[in-house]
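1. The following block contains a protein sequence and its predicted model.
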Amino acid sequence: MRMAGERIIERLRNQIFENIVKQDIEFFDRNRTGEIISRLAADTVVVGKSVTQNISDGLRNGIMAVVGTGMMLYVNTSLTLTMMSIIPPIAVAAIYYGRILRDISAKTQTATSHTTQVAQEKLDLIRTVRAFAQENRESHSYATETHKVYQLSMKESYAGATFFSGAGFAGNFVAMAILYYGGSLVAAGSITPGDLTSFFLYSTYVGFSFMGLSGFYGELMKGIGASSRLFALMESKGEVEGQSSQTGIKLEKVTGRIEFKDVEFAYPTRSDAKIFKGLSFTIEPGTNVAIVGKSGSGKSTVAQLLLRFYDPSKGSIFIDGIDIRSLDGNHMRNNIMSFVPQEPSLFATTIRENIAYGRSNATDQEIESACERANALGFIKKFPQGFDTYTGEKGVAMSGGQKQRIAIARALLKDPKILIMDEATSALDASSENLVQDSMSQIVMGRTVITIAHRLSTIQQADFIVVVEDGRVVETGGYDELVEREDGKFRHLIDAQLSS
Ligand SMILES: Nc1ncnc2c1ncn2[C@@H]1O[C@H](COP(=O)(O)OP(=O)(O)OP(=O)(O)O)[C@@H](O)[C@H]1O
């Protein structure tokens, strides 16, 4: 029974995590995922306990109660009815107790996961906390959260103490009633002293079984309280169909032509703030294009839409003339595109595993070659442990520039037809930036590259520049051509950057 229960829980947990990983990006924007994950773990423990331990306890106590009652009836019916008079009030009390436990359990699970979320968030930002000398404030906020869990646990204890002491008192009262009534039956010669003794023993067993069943019911209700969130997570589905599904067209031969056509978009969490109001531009295969614009103009959002983290509310995005909504999202991201995010975060593992992420079968030679093209090989080889160097949680043991070059190498290893670099050189110092810029000719070779550029100094090598403003494309052209336009938008951006 226990093994089967554990297997059910294991499957449940894996399925739910799989479901969470496949949610649309919006799910992660809306929810505090740390809280969900810790709640998932806490809920699974409670439900697991409920399924594995209590079902076997429940079965054992149920069988004992039925057999014991049969034996009691066999000895004496009226004594059995006296004994049974205790059941209706205890059953009613048990139902109330179960409901209270279910509600407290749900609240405790939420409070516990919130506590973990608070701790995780504060510890993730420990450098900021320390830099602003806010350790005491954060300790206090954690203590406040744990106090809520404590208060709920106390409530659960009070409810348990009230129910079990009440039930115990009623049980003792009935035991005395049986002795009194049984004694009078013995005195009247209706039953023998032996019958009364055996009846009393049976009733003790039955009493214990009923108490066990009440406890089982309480634990079951706790499990139900904890499982409601698990089932909600299992059933939750994202709004962007197919974002992570493996259905749709799998493009095998891609030239890398990209077209945004009349794209309108607002982030689901801020649906009234339109980022794009008819964005249209075309990128020819094999070109190196820079998207520029003021801060907050939506440059990074272009990458998010192209990667299909979100779908436009109007208009379409095409790759080689095919609407990306009809493509297999997984296949597209795995085989056609690579992405270097604005703030590359690394997994807490070795440099090698970070680079091979997404292509775990890559050979050492392929990894080295990708690093060479990203100008990362030099610094990696200087580490005593080379590719086996541990990058720290989220890559904290690497400098910003090193993280970016590792992220570029990771993207290049997949040899994508479309490479999206979201300000990929912003954390590099001047000399590292020059190194990456020097290797740009190797990076762009044979693919379409979209550089989402904040620092305009980094885009001189771009074949084509797209200027975004107020949700639309306001200018396009080559670097020299745009710089020469006296009243041009790009020229204004350059002037503004030079004077800042
Ligand atoms: N996940 C999100 N949910 C809601 N709004 C968002 C989200 N991400 C970005 N935004 C908003 O969308 C707008 C465009 O953001 P985006 O990051 O695309 O700008 P950007 O041009 O890349 O800016 P920067 O150059 O400063 O990085 C901003 O106003 C931003 O606040």
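-> Thanks, I have the structure now. Numbers count the residues shown, from 1 in each chain.

2. pull the longest helix from this protein.
-> Ranked by residue count and defined by DSSP state H, the top helix of the chain is helix 135-187.

3. check contacts around residue 156.
-> Counting by C-beta atoms under 8 Å, 6 or more residues apart in numbering, residue 156 makes contact with 101, 104-105, 108. Heads up, the C-betas are built off the backbone N, CA and C, glycines and all.

4. Closest one of those to the ligand?
-> Nearest to the ligand out of the contacts of residue 156 is residue 108 (C-beta to the nearest ligand atom; 31.4 Å).

5. Next up, identify which helix or strand that closest one is on.
-> Secondary structure from DSSP states H and E places residue 108 in helix 87-124.

6. can you redo the contacts of residue 156 as TSV with pLDDT and distance to residue 201?
-> Output for these, formatted as TSV (pLDDT from 0 to 100; distance: C-beta to C-beta, whole Å):
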residue	pLDDT	distance to residue 201
101	83	31
104	87	36
105	81	36
108	85	39
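
7. low-scoring stretches of the protein, by residue?
-> 1-13, 53, 236-246, 424-439, 498-500 (pLDDT under 70).

8. near the ligand, which residues of it show up?
-> 29, 267, 269-270, 275, 293, 295-301, 454 (C-beta under 6 Å from any ligand atom).

9. try 8 Å this time
-> Proximity of the chain to the ligand is confined to 25, 29, 267-270, 273, 275, 293-302, 304, 342, 422-423, 452, 454, 468 under the rule C-beta under 8 Å from any ligand atom.

10. filter these to the buried ones?
-> By neighbour count, with 16 or more other C-beta atoms under 10 Å, the residues of the chain next to the ligand hold 25, 268, 275, 293-294, 297-302, 304, 342, 422-423, 452, 454, 468 as buried.

11. hmm, back to that, what two of the contacts of residue 156 are the furthest from one another?
-> Greatest spatial distance among the contacts of residue 156 (C-beta to C-beta): 101 and 108, at 9.8 Å.

12. count of neighbours near the closest residue to the ligand within the stretch 51-200 of the chain?
-> The stretch 51-200 of the chain approaches the ligand most closely through residue 121 (17.5 Å), counting by C-beta to the nearest ligand atom. A count of nearby residues for residue 121, using other C-beta atoms under 10 Å, gives 15.

13. how's the protein carved up into domains?
-> 2-235, 258-499 (automatic domain parsing).

14. Dump those domains to TSV, plus distance to residue 249.
-> Output for the domains of the chain, formatted as TSV (distance: least, C-beta to C-beta, whole Å):
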stretch	distance to residue 249
domain 2-235	19
domain 258-499	5
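
15. Could you identify which of those is most buried?
-> Ranked by mean neighbour count, those are led by domain 258-499 with a mean of 18 (mean count of other C-beta atoms under 10 Å).

16. what secondary structure does whichever residue of the stretch 351-500 of the chain sits closest to the ligand sit in?
-> Per C-beta to the nearest ligand atom, residue 454 is where the stretch 351-500 of the chain lies closest to the ligand, at 4.7 Å. Counting by DSSP: H, G, I helix; E, B strand; the rest coil, the backbone at residue 454 sits in coil.

17. how about the nearest residue to it once chain neighbours are set aside, what does it touch?
-> Counting by C-beta to C-beta, 6 or more residues apart in numbering, residue 423 is the residue found nearest to residue 454 once chain neighbours are left out, at 4.9 Å. Contacts for residue 423 were tallied using C-beta under 8 Å, 6+ apart; they are 300, 342, 452-455.

18. 10 Å instead, please
-> Neighbouring residues of residue 423 by C-beta atoms under 10 Å, 6 or more residues apart in numbering: 299-300, 303, 340-343, 404, 451-455, 458.

19. do residue 391 as well
-> Residues near residue 391 by C-beta under 10 Å, 6+ apart: 345-351, 353-354, 397-398, 402-403, 406.

20. hmm, try it at 6 Å
-> With contacts defined as C-beta atoms under 6 Å, 6 or more residues apart in numbering, the neighbours of residue 391 are 346, 351, 354, 397-398.

21. what's it sitting at in phi/psi?
-> According to degrees, to the nearest 10, the main-chain angles of residue 391 amount to phi -90, psi -10.

22. quick one on the thing from earlier: just want the angle from the longest helix of the chain to helix 87-124.
-> For helix 135-187 against helix 87-124, the angle by axes from the mean of the first three to the mean of the last three C-alpha atoms, to 10 degrees is 160 degrees.

23. Next, find the distance separating the residue in the stretch 1-150 of the chain that the ligand sits nearest to from residue 23.
-> Relative to the ligand, the nearest point of the stretch 1-150 of the chain is residue 29 (4.7 Å; C-beta to the nearest ligand atom). Taking C-beta to C-beta, to the nearest Å as the measure, residue 29 falls 10 Å from residue 23.

24. Show me the common contact partners of the two, please.
-> Between them, residue 29 and residue 23 share no contacting residue under C-beta under 6 Å, 6+ apart.

25. rewinding a little: continuing past the helix holding residue 108, what's the next helix or strand?
-> Counting by DSSP H and E, the next helix or strand C-terminal to helix 87-124 is helix 126-131.

26. ok, back up a step: quick one: the helix holding residue 108 to chain centroid distance?
-> Distance, stretch centre to chain centre, for helix 87-124: 22 Å (C-alpha atoms, centre = their mean, to the nearest Å).

27. Packing partners of it?
-> Packing contacts for helix 87-124, counted by 3 or more C-beta pairs under 6 Å, 6 or more residues apart in numbering; DSSP states H and E, involve helix 33-49, helix 135-187, helix 193-235.

28. quick one, that helix and helix 33-49 angle?
-> Here helix 87-124 runs at an angle of 150 degrees relative to helix 33-49 (the same axes, to 10 degrees).

29. any chance you could map the helices in the stretch 351-500 of the chain?
-> Remark: helices assigned in the stretch 351-500 of the chain by DSSP state H, counting those that start in this stretch are 351-355, 364-373, 377-382, 400-413, 430-444, 479-484, 489-499.

30. State the pair within the contacts of residue 391 that is farthest apart.
-> The distance between the two most remote of these (C-beta to C-beta) is 11.5 Å, for 354 and 397.
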